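Engineer: Sequence first, then the predicted structure:
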Amino acid sequence: MDETKAAATMAKENAAFFEKAEGALRALFDQARAANELQFVFSLIPEFRGAQDPGWNTAIEAQQAFDEYIAFLNEGELTPLKARIALAFYCHMSEASGFYEIPKNMLRVAEGGFYNLWPFQDLVDVHRRTGNVIAPNANKVLRDLAGHAKTLGLHGLAEVFRDAFDPDLRNGYAHADYVVWTDGIRLRHRNGGNAKLVTWPEFHYRFERGITFFNVLRGLVEEHVRSLHPKRQLGGRWPDGRPSRAVAEFNPTTGSFSITDSSR
């Protein structure tokens, strides 16, 4: 297959993936909202750990970084430095587990459960000697999301989580185990395994897939948050069984989003 045909095939595959991702994620959100609207709206808030000052939310940081990375990469010609920054961008979006708390909680609510402040807590390890907390990496988080979706019969969504990012590219960047060369990204696998070349067309294909997956999810979250203007009362229930009398409101002027409970 010549390069032109290969590029056309990869573009077609990505277009199909983006359509599948948008449909599968939207179906998940719809299912969670129908199951318990109150818990669905809570799930739109990633990394919510009670009262905290601005500047401590990595999910918000990932979204702001997304726009800045895109603006930088779209300026001027591609250089080796830009290729390295594109890898950093790709790795950042794959590792944005704070933001991926949203689909994780949506899965919990869709199956009849409730919003969890720490939805990936069971994936956290503790170092045997130091006792330091070892946060789950992208491979663990995305496998968990895919497995959870599969248990709910959401097989298309499971495939989306499985196929969104390439673990070899992520690992290569995270461990500085790569070389930017004229023919593409060379993954050395210096500690074992066969070296691998990701050609520039292949890298573009994988990069576009992962970045667009993140952006599709971000757009869907923003759409649902903005739908809370004007404010409205939420259906659903609290974990103790009380029916919801909560009111949610999005302020388009300030960008703030609040939930108040009038039953207490």
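Structural biologist: Received the coordinates, thanks. Numbering: from 1, shown residues only.
Engineer: isn't residue 186 right next to residue 194, touching?
Structural biologist: No: Residue 186 is beyond contact range of residue 194, at 11.8 Å (criterion: Cβ atoms under 8 Å). For every residue, glycine as well, the C-beta is placed using N, CA and C.
Engineer: Compare those two and say which is more crowded by neighbours.
Structural biologist: Neighbours were counted for residue 186 and for residue 194 using other Cβ atoms under 10 Å; residue 186 has more, 16 against 6.
Engineer: what lines up beside the helix or strand that contains the more buried one in the sheet?
Structural biologist: Residue 186 belongs to strand 184-187 when elements are defined using DSSP states H and E. Each strand pairing with strand 184-187, determined using DSSP bridges, is listed with its direction: strand 178-181 (antiparallel), strand 196-199 (antiparallel).
Engineer: now the ones you listed as TSV including distance to residue 94 and mean pLDDT?
Structural biologist: As requested, the strands paired with strand 184-187 are arranged in TSV below (distance: least, Cβ to Cβ, whole Å; pLDDT from 0 to 100):
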stretch	distance to residue 94	mean pLDDT
strand 178-181	15	96
strand 196-199	15	96
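Engineer: now those as a markdown table including mean neighbour count and distance to residue 245?
Structural biologist: Formatted as a markdown table, the entries for these read as follows, by neighbours: other Cβ atoms under 10 Å; distance: least, Cβ to Cβ, whole Å:
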| stretch | mean neighbour count | distance to residue 245 |
| --- | --- | --- |
| strand 178-181 | 16 | 54 |
| strand 196-199 | 16 | 53 |
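Engineer: closest one to residue 166 among these?
Structural biologist: Shortest distance between residue 166 and the strands paired with strand 184-187, using Cβ to Cβ, is found for strand 196-199: 8.0 Å.
Engineer: Pretty sure residue 245 sits against residue 259.
Structural biologist: No: the criterion here is Cβ under 8 Å, and residue 245 misses it with residue 259 at 11.3 Å.
Engineer: what's the single longest helix in this structure?
Structural biologist: Taking DSSP state H as the criterion, the chain has its longest helix at helix 3-35.
Engineer: after that one, next one along is what?
Structural biologist: Following helix 3-35 toward the C-terminus (DSSP H and E): helix 37-43.
Engineer: Show me how far that following helix is from its chain's centre.
Structural biologist: In terms of Cα atoms, centre = their mean, to the nearest Å, the centre of helix 37-43 is found 18 Å from the chain centre.
Engineer: what's in contact with that helix?
Structural biologist: Among residues not part of helix 37-43, those counted as contacts by Cβ atoms under 8 Å, 6 or more residues apart in numbering are 29, 32-33, 48, 102, 105-106, 108-109, 113-115, 228, 234-238, 244, 246, 248, 259.
Engineer: Would you write a ChimeraX line that selects the buried entries of these?
Structural biologist: Here is the ChimeraX selection string for the buried members of these, based on 16 or more other Cβ atoms under 10 Å:
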select :29,32,33,48,102,105,106,108,109,113,114,115,228,234,236,238,244,246,248,259
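Engineer: quick one: which of the contacts of helix 37-43 sit in helices?
Structural biologist: When DSSP H defines the helices, the subset of the contacts of helix 37-43 inside them is 29, 32, 33, 102, 105, 106, 108, 109.
Engineer: So which of those is the closest to residue 53?
Structural biologist: Minimum separation from residue 53 among the ones in helices among the contacts of helix 37-43 (Cβ to Cβ) is found for residue 102, which lies at 21.7 Å.
Engineer: how far away is that closest one from residue 197?
Structural biologist: Between residue 102 and residue 197 the distance is 35 Å, computed by Cβ to Cβ, to the nearest Å.
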